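Chemist: attaching a predicted model along with its sequence, questions to come.
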Amino acid sequence: MGKITAYWQPLVAGALLGTGLLLSWQEADWFQSGWVRLAWYVVSFLPVGLNVMREAWECAAEGDFFSEFMLMSVACIGAFCIGEYPEAVAVMWLYHIGETLQDKAVDKARGHIKSLMAFRPDRVRLAETGQMVAPEVVDVGCLIEVLPGERVPLDGVLPPDAPCAEVNTAALTGESMPRTVAAGQEILAGMVVMGRPVQLKVRRKAADSALARILKMVEEAAERKAPTELFVRRFAHVYTPVVIVLALLTVLLPWVYSLLNGSFYYDFSLWLNRALVFLVISCPCALVVSIPLSYFAGIGTASRQGILFKGGGSLDALTGIDAVVFDKTGTLTTGIFEVQEVSGLSEEDLQTVVAMERSSNHPIAQAITKGHEGVAKIAATDLPGYGLSAVVDGETWLVGTLRLMEKEGIAYPEALKQMPETMVSCACNGCFKGYLLLSDTLKADARQAIDALKAARVGHIELLSGDKQALVDRVAQQLGIEKASGDLLPEQKAERIEALKRTGKRVAFVGDGINDAPVLALSHVGIAMGGMGADMAIETADVVLQADLPSHLAVALRIGRRTRRIVIQNITFALGVKLLVMGLGVLGMANLWEAVFADSGVALLAVLNALRVKNA
């Protein structure tokens with residue numbers, strides 16, 4: 001349903017309605033004329049009632065004769081026919097207040113993400129000419145320049161020969177600490193360059209940038225209805241004709257009975273009034289307005305915390321999970337290797353190893369050289385798949401895998417084969433010297449994430465990875481995860497998810513890589529790391545954690561569950577009050593003002609209840 005009201009409309013209608021009620025209470029002489037009262041309330045009705053009646057007409061023209069708009073229109077016309085003018089205006093006025101609150105909340109929920117577009121500059125500086133042009137005209141592959149303090153206008157990659165760049169990623173991920181981006185890595189639109197000018201090779205057109213994709217996901221969220229929301233919409237289309245038929249029967253059955261039983265006095269105006277009360281009570285405004293609003297509020301609340309739900313269906317599905325399966329690298333760990341231990345190497349030996357590794361762009365080499373930027377480079381020969389070799393001061397050095405030691409016939413301790421971490425072995429003149437142990441570091445909030453899920457009564461938590469089983473077991477032990485599987489190919493991960501689903505588990509999978517995309521699609525809820533996660537994973541997932549923080553999964557679960565509780569509260573409250581007052585209306589024990597409360601008053605209370613989602 002589109003926005004059918006402007007803010008001034010309920011204000012004008014409310015002022016006229018309140019003034020009319022005050023004049024009636026004071027029994028103003030000039031206001032007692034029937035024509036004056038009718039004209040007054042017609043003018044009061046038009047600002048809030050005309051749009052609803054137009055919606056009813058447009059729905060009927062499209063073949064939908066039993067929309068909630070038609071039900072409200074029939075009830076209000078009937079109220080005018082029997083002289084209950086204030087009640088007719090009150091129905092539409094309260095309905096429009098609810099609509100106005102809904103529009104405001106939805107705009108606020110969308111506005112947080114839409115405001116990200118303001119972070120993208122409207123001009124781009126071409127590196128070769130210094131010319132400023134619009135982002136839309138810059139092609140993929142062009143070289144652009146961004147000065148310190150400026151926001152990156154387009155997604156780009158640092159050229160291979162470029163030095164590292166410092167960027168502030170808060171606009172996209174919420175991280176307060178700057179991020180160091182190395183040559184060949186991506187810098188996304190919206191990030192702020194720090195320290196020195198940066199040149200980037202454009203990777204995507206303006207319409208396909210990270211910010212544009214985020215906005216598109218949120219806009220699409222409104223179109224992906226939750227099962228509850230779809231149920232209510234289907235319910236309304238069955239409910240409306242049933243209610244209209246029952247209202248007609250409320251008028252006709254007593255008349256038929258009076259014909260069959262001559263002693264029964266039939267008062268047409270009495271039964272018509274009861275039928276109209278029944279119609280006003282039965283309008284499903286509270287459900288139609290408050291339930292979509294609850295999901296919008298939930299999605300907006302999550303987006304403010306860097307969590308993107310791809311629609312109410314994703315939010316609904318997350319509330320039902322009882323098993324969470326994590327990928328390891330990039331999800332619970334940083335994916336950045338660090339030297340954890342140096343064994344058997346003197347400080348001079350270590351300097352030699354660092355100098356050799358400076359000639360390599362391999363991630364392991366970058367981890368070893370980190371913090372040793374002042375060490376001069378030594379030209380080394382690359383041995384693909386094995387490591388490096390170099391002659392230093394007449395000595396032949398080998399640095400690489402244990403397979404390199406075996407290939408060169410160099411003996412080493414057998415215990416090294418059992419090391420779970422990544423190991424770099426070192427030898428000099430055919431003799432084993434020592435080794436460096438490197439491992440992927442845990443994310444700062446990884447343990448917090450697991451503890452929070454356990455506290456949220458998620459009964460099954462599992463770790464799946466393609467890394468060595470020993471390394472996966474060590475990470476699982478550090479995090480308190482009881483079940484962990486390593487040495488897995490992507491298809492084996494998928495088989496494990498299928499096995500869990502066959503046991504009746506509702507499974508959420510959390511990952512970040514291209515190889516995780518099939519498992520994200522296969523699980524009941526796919527959750528991707530959005531900060532540095534692969535595009536394919538982000539597009540496949542149902543939920544995206546923008547800040548790459550696994551602890552945000554528990555936050556998303558809390559928001560989803562709170563939204564679901566509020567939706568159920570609104571359904572129960574709205575239907576309970578309606579059934580009670582509908583029964584009283586048929587029995588003549590409820591007038592139109594009570595009907596107004598049961599319809600628009602309940603809708604207004606349900607809307608206010610839905611707004612509590614933002615406090616999740």
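Modeler: On my side now, so go ahead.
Chemist: the helices in the stretch 501-616 of the chain, which residues?
Modeler: Listed in chain order, the helices of the stretch 501-616 of the chain (DSSP state H, counting those that start in this stretch) span residues 517-522, 535-540, 552-586, 592-596, 602-610.
Chemist: got the domain boundaries for the protein?
Modeler: 8-113+221-297+561-615, 121-208, 303-334+443-560, 335-441 (automatic domain parsing).
Chemist: any idea which of those domains is most buried?
Modeler: domain 303-334+443-560 (a mean of 20; mean count of other CB atoms under 10 Å). C-beta: built from backbone N, CA, C; applies to glycine.
Chemist: how far away from the center of its chain is that one?
Modeler: The chain centre lies 15 Å from the centre of domain 303-334+443-560; the measure is CA atoms, centre = their mean, to the nearest Å.
Chemist: report the rounded mean pLDDT for it.
Modeler: What domain 303-334+443-560 shows for mean pLDDT is 84.
Chemist: quick check: end-to-end length of it?
Modeler: 12 Å (CA to CA, to the nearest Å).
Chemist: ramachandran angles for Ala365?
Modeler: Per-residue torsions, Ala365: phi -60, psi -40 (degrees, to the nearest 10).
Chemist: what's near enough to touch the residue lying closest to it once chain neighbours are set aside?
Modeler: Nearest residue to Ala365 in three dimensions, chain neighbours excluded: Glu357, at 4.0 Å (CB to CB, 6 or more residues apart in numbering). Listed by CB atoms under 8 Å, 6 or more residues apart in numbering, the contact set of Glu357 reads 364-365, 368-369, 380, 388, 399.
Chemist: kindly recompute the last result at 7 Å.
Modeler: 365, 368-369, 399 (CB atoms under 7 Å, 6 or more residues apart in numbering).
Chemist: could you tell me the least trusted of the domains of the chain?
Modeler: Minimum mean pLDDT among these: domain 8-113+221-297+561-615, a mean of 76.
Chemist: starting at the chain centroid, how far to that one?
Modeler: Distance, stretch centre to chain centre, for domain 8-113+221-297+561-615: 32 Å (CA atoms, centre = their mean).
Chemist: nearest residue to Tyr266 other than its sequence neighbours?
Modeler: Nearest non-adjacent residue to Tyr266 (CB to CB, 6+ apart): Ser258, at 3.6 Å.
Chemist: can I assume that neighbour is in contact with Phe264?
Modeler: Yes. With contact defined as CB atoms under 7 Å, Ser258 reaches Phe264; the gap is 4.6 Å.
Chemist: a markdown table for the helices of the stretch 501-616 of the chain, including distance to Ala317?
Modeler: Compiled in a markdown table, the helices of the stretch 501-616 of the chain are given as follows (distance: least, CB to CB, whole Å):
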| stretch | distance to Ala317 |
| --- | --- |
| helix 517-522 | 13 |
| helix 535-540 | 14 |
| helix 552-586 | 8 |
| helix 592-596 | 37 |
| helix 602-610 | 19 |
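Chemist: measure the closest residue to Phe337 other than its chain neighbours to Val475 for me?
Modeler: Among residues not flanking Phe337 along the chain, Ala367 sits closest, at 4.0 Å (CB to CB, 6+ apart). Ala367 is 17 Å from Val475, where distance means CB to CB, to the nearest Å.
Chemist: looking at this, Val193 is in a strand?
Modeler: Yes. Assessed by DSSP: H, G, I helix; E, B strand; the rest coil, Val193 belongs to a strand.
Chemist: what residues are up against it?
Modeler: Val193 touches 146-148, 150, 152, 165, 167, counting by CB under 7 Å, 6+ apart.
Chemist: just the ones of those residues in helices?
Modeler: Of the positions in the contacts of Val193, not one sits in helices, assigned by DSSP state H.
Chemist: and those residues as TSV, adding distance to Leu272?
Modeler: Listed next are the contacts of Val193 as TSV, based on distance: CB to CB, whole Å:
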residue	distance to Leu272
Val146	72
Leu147	75
Pro148	76
Glu150	70
Val152	67
Ala165	76
Val167	70
